[in-house]
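[1] what would the 3D arrangement of this be:
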Amino acid sequence: MSLNMTSVHRNLHTKVTFLGLEFEDLILVLALAALMNLLAHFAGNNARFLGMPLNIFMEFVVPVLAVPFLILFKYGRPRGYLTDLVRSFFSPRAWCALERDSQQGEAYVVEEE
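    Numbering: from 1, shown residues only. Predicted structure coming up:
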């Protein structure tokens, strides 16, 4: 009885990119496209930008222009930079424990004399 052998992929640590963007960046572009689609409905049918209807510009051109912007924005930055940047905006601020508290008027720990 022979053993069935399967191939083992050795490049499991390679980063997966599409158009130079990570998966999280592409989710951001898709979210931007959905937001522009919602905002395009409020633009009206007669609004135009560069000769094309404004709703088509907002739905298709803005997300397409976001891809090169993200590529240039992330150039030279480590992997997961955009995710860490968004997390830093929503996380509570942690301050240095050695910094004096501006709102505390009296000492918290009273030294014995």
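[2] where along the protein do the helices fall?
    Listed in chain order, the helices found in the chain under DSSP state H are 23-40, 54-56, 62-73, 81-90.
[3] in TSV, list those helices along with mean pLDDT.
    As requested, these are arranged in TSV below (pLDDT from 0 to 100):
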stretch	mean pLDDT
helix 23-40	86
helix 54-56	80
helix 62-73	88
helix 81-90	85
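[4] who's in contact with the most centrally placed residue in the chain?
    For the chain, the residue sitting closest to the mean C-alpha position, by CA atoms, centre = their mean, is residue 82 at 4.1 Å. Contact analysis of residue 82 by CB atoms under 8 Å, 6 or more residues apart in numbering lists 22, 24, 25, 28, 70, 74. (Each C-beta comes from the backbone N, C-alpha and C, glycine too.)
[5] re earlier: now the helices of the chain as TSV including distance to residue 3?
    Below are the helices of the chain laid out as TSV (distance: least, CB to CB, whole Å):
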stretch	distance to residue 3
helix 23-40	36
helix 54-56	58
helix 62-73	46
helix 81-90	42
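[6] pick the most deeply packed of those.
    For the helices of the chain, average neighbour numbers computed from mean count of other CB atoms under 10 Å are highest in helix 54-56, which has a mean of 17.
[7] residue 22: what's it in contact with?
    By CB under 8 Å, 6+ apart, the contact list for residue 22 reads 15, 16, 79, 80, 82.
[8] now the second one. Nearest residue, chain neighbours left out?
    Using CB to CB, 6 or more residues apart in numbering and skipping the chain neighbours, the partner closest in space to residue 16 is residue 23 (6.7 Å).
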